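J.: pasting a predicted model and its sequence here:
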Amino acid sequence: EVEEIMKSEGGRDALYKQTILAGGVNDEIRTVTAKVAGKYQDVKALEQSVAELHQMFLDFALLVEQQGELLNSIEHQVRQAADHVETANVEVHQAIVIQKSVRKKQMWIMLLVIGIVIILLISTGLLKF
């Protein structure tokens, strides 16, 4: 009832008029009315604060959602990097095996060439034992 009176146009004035017509105005009624009006303004301010707090929570929820997407993107990129590192490790191991094989083949070819040169030198008589 008090809220309706406070919201209505001229509600306080109508309340004063009604009180005056009913039997006179005393300071207690005016004091109570002023207190009620003050409390009403406090409630309105509190309502505004709650609305602002609600908006802040909505903003925080949006930020959390956006950062969640960013974290998902980072996690995906880290997984891709780990996959690339694993593939690189396999390729390095294969390169080491191939390099050992190539060195072994080079050594055999060099021994074979040296053997052929020695045989040619012995057969032509340039090298004698």
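T.: Ah, there it is.
J.: only C-alpha atoms from now on, for both contacts and neighbour counts.
T.: Will do.
J.: helices of this protein, start to end?
T.: With DSSP state H as the criterion, the chain has helices at 2-7, 11-23, 27-124.
J.: could you dump these to JSON lines with mean neighbour count and mean pLDDT?
T.: Formatted as JSON lines, those follow (neighbours: other CA atoms under 10 Å; pLDDT from 0 to 100):
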{"stretch": "helix 2-7", "mean neighbour count": "13", "mean pLDDT": "62"}
{"stretch": "helix 11-23", "mean neighbour count": "13", "mean pLDDT": "62"}
{"stretch": "helix 27-124", "mean neighbour count": "12", "mean pLDDT": "91"}
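J.: any idea how far A95 is from M110?
T.: Remark: distance between A95 and M110 (CA to CA, to the nearest Å) = 22 Å.
J.: could you do A34 as well?
T.: 111 Å.
J.: likewise for A37?
T.: From A37 to M110 the distance is 108 Å (CA to CA).
J.: again with T31
T.: 115 Å.
J.: kindly report the same for A82.
T.: Counting by CA to CA, the gap from A82 to M110 is 42 Å.
J.: I'd assumed I119 was in contact with K128.
T.: No - here K128 lies out of contact with I119, judged by CA atoms under 8 Å, at a distance of 10.8 Å.
J.: tell me the centre residue of the protein?
T.: The residue lying closest to the centre of the chain (CA atoms, centre = their mean) is Q67, at 2.3 Å.
J.: contacts only, for K35.
T.: For K35, the contact set (CA atoms under 8 Å, 6 or more residues apart in numbering) is empty.
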